[in-house]
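[1] curious how this folds, go ahead:
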Amino acid sequence: MLSRSEQTIRRAVVVEGVGYWSGAACRVEFLPAVAGTGMNFERIVDGVAIRIPVAVESRVEASARTNLAVTNVGVQMVEHAVSALAGLEIDCCLIRVSAEELPGLDGSALAFVRALDQAGLEQLGPPIEPLIVTEPCRVADGDAWIEAVPTEEPGLSIDYELDYGRGPIGRQHLAISITPETYRTELAGARTFILQAEAERLRAAGLANGVTTSELIVFGADGPIDNPLRWPDECVRHKVLDLVGDLALAGRPIQGHVRACRSGHRLNAALAARLRNSLRRRASA
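    Have a look, this model is predicted:
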């Protein structure tokens, strides 16, 4: 079982960049938070600070990203920042943003991790209460699925199968135990990827027109265009990076083993919701 106190960061740090979808500049300020508050985004709207919890209840449906909102005030593409926090075992943090969409940066969580490492960790005292997987829990949509099963090992482990069929991405597999060290070295630098045909459809729809091949991996017929891979299996590593962020919507660190095949943000969040609901059922029993 996980045995540590809740953690926050020692001091405020800032990451700045431009959103993929909107093209708008965004300043992301990570701030220390007190025990028991979890992760929360904050936007200032008409002079009023609106807080948006990182929770399944805040999630709104979106294509190819994780968006959150309360009272019609939202934040978009939060998965990389949230993944960095969860991967580094930062439980409580206020994330103040100057725009609705977080910056895409190089398509990975690396800039967020470097900033958070500069901030350092602060022990908050109260022990962390993990969400312990006590029975198998599975969600599926056609040939895409994700499940969580109990494990005797502490913390979260993930086994992910990516399958793009025949083509430059193909099939990739990654099995990994999530710790701050493995997150930093094996996942944080894995970048967003997209097929060239998908990128062209987005641009035709007026979206992501400012994004270049240096800011994410665009796969043509023969492989990445003008952007070498950091790992041969970088695509599945990025899927696991996203999954770590989406599972944080459960509101607690997860102790269990998660297996997935072709799962994306929607199924990831559905599993987080099922796990959170199972915890509530146990608490009320």
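
[2] from Glu29, how far out is the residue nearest to the spatial centre of the chain?
    Among the residues of the chain, Gly245 comes closest to the average C-alpha position under C-alpha atoms, centre = their mean, at 2.3 Å. Gly245 sits 18 Å away from Glu29, going by C-beta to C-beta, to the nearest Å. For the C-beta atoms, the positions are set from N, CA and C on the backbone; glycine is no exception.

[3] which elements pack onto the biggest helix by length in the chain?
    Looking across the chain with DSSP state H, the single longest helix is helix 265-284. Here helix 265-284 touches strand 131-132, strand 137-141, strand 144-149, helix 234-247, strand 254-261, going by 3 or more C-beta pairs under 8 Å, 6 or more residues apart in numbering; DSSP states H and E.

[4] could you give the angle of it to strand 137-141?
    150 degrees (axes from the mean of the first three to the mean of the last three C-alpha atoms, to 10 degrees).

[5] buried ones in helix 265-284?
    265-276, 278-279 (16 or more other C-beta atoms under 10 Å).

[6] ok, now stretch 11-22?
    So stretch 11-22, judged by 16+ other C-beta under 10 Å, has buried residues Val13, Val15, Gly17, Val18, Gly19, Tyr20, Trp21, Ser22.

[7] start and end of that stretch, how far apart?
    29 Å (C-alpha to C-alpha, to the nearest Å).

[8] burial of the closest residue to Val54 other than its chain neighbours, as a residue count?
    Leaving aside its chain neighbours, Val54 sits nearest to Met39 (3.9 Å; criterion: C-beta to C-beta, 6 or more residues apart in numbering). For Met39, the neighbour count with other C-beta atoms under 10 Å is 25.

[9] can you check Val70 too?
    Neighbours of Val70 (other C-beta under 10 Å): 17.

[10] torsion angles phi and psi at it?
    Here is the backbone geometry of Val70 (degrees, to the nearest 10): phi -140, psi 140.

[11] and Glu215, how many neighbours does it have?
    Neighbourhood size, Glu215 [other C-beta under 10 Å]: 20.

[12] which element is it on?
    Counting by DSSP states H and E, no helix or strand carries Glu215.

[13] quick one: average pLDDT of the host helix or strand of Ile176?
    For Ile176, the enclosing helix or strand under DSSP H and E is strand 171-178. For strand 171-178, mean pLDDT is 98.

[14] residues making contact with the helix or strand following it?
    Stepping forward along the backbone from strand 171-178, the first helix or strand reached (DSSP H and E) is helix 180-182. Residues from elsewhere that reach helix 180-182, judged by C-beta atoms under 8 Å, 6 or more residues apart in numbering: Gly87, Leu88, Glu89, Ile176.

[15] can you list the buried residues of helix 265-284 in JSON lines and add distance to Gln76 and pLDDT?
    Below are those laid out as JSON lines (distance: C-beta to C-beta, whole Å; pLDDT from 0 to 100):
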{"residue": "His265", "distance to Gln76": "12", "pLDDT": "96"}
{"residue": "Arg266", "distance to Gln76": "15", "pLDDT": "96"}
{"residue": "Leu267", "distance to Gln76": "19", "pLDDT": "97"}
{"residue": "Asn268", "distance to Gln76": "16", "pLDDT": "98"}
{"residue": "Ala269", "distance to Gln76": "14", "pLDDT": "97"}
{"residue": "Ala270", "distance to Gln76": "19", "pLDDT": "97"}
{"residue": "Leu271", "distance to Gln76": "21", "pLDDT": "98"}
{"residue": "Ala272", "distance to Gln76": "18", "pLDDT": "97"}
{"residue": "Ala273", "distance to Gln76": "20", "pLDDT": "96"}
{"residue": "Arg274", "distance to Gln76": "24", "pLDDT": "96"}
{"residue": "Leu275", "distance to Gln76": "24", "pLDDT": "95"}
{"residue": "Arg276", "distance to Gln76": "22", "pLDDT": "92"}
{"residue": "Ser278", "distance to Gln76": "28", "pLDDT": "77"}
{"residue": "Leu279", "distance to Gln76": "27", "pLDDT": "67"}
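
[16] Ile52 against Thr71, yeah?
    No - judged on C-beta atoms under 8 Å, Ile52 makes no contact with Thr71 at a distance of 9.1 Å.

[17] neighbour count winner among those two?
    Remark: of Ile52 and Thr71, Ile52 carries more neighbours, 22 against 8, as counted by other C-beta under 10 Å.

[18] any idea which helix or strand carries that one?
    Taking DSSP H and E as the definition, Ile52 sits inside strand 48-53.
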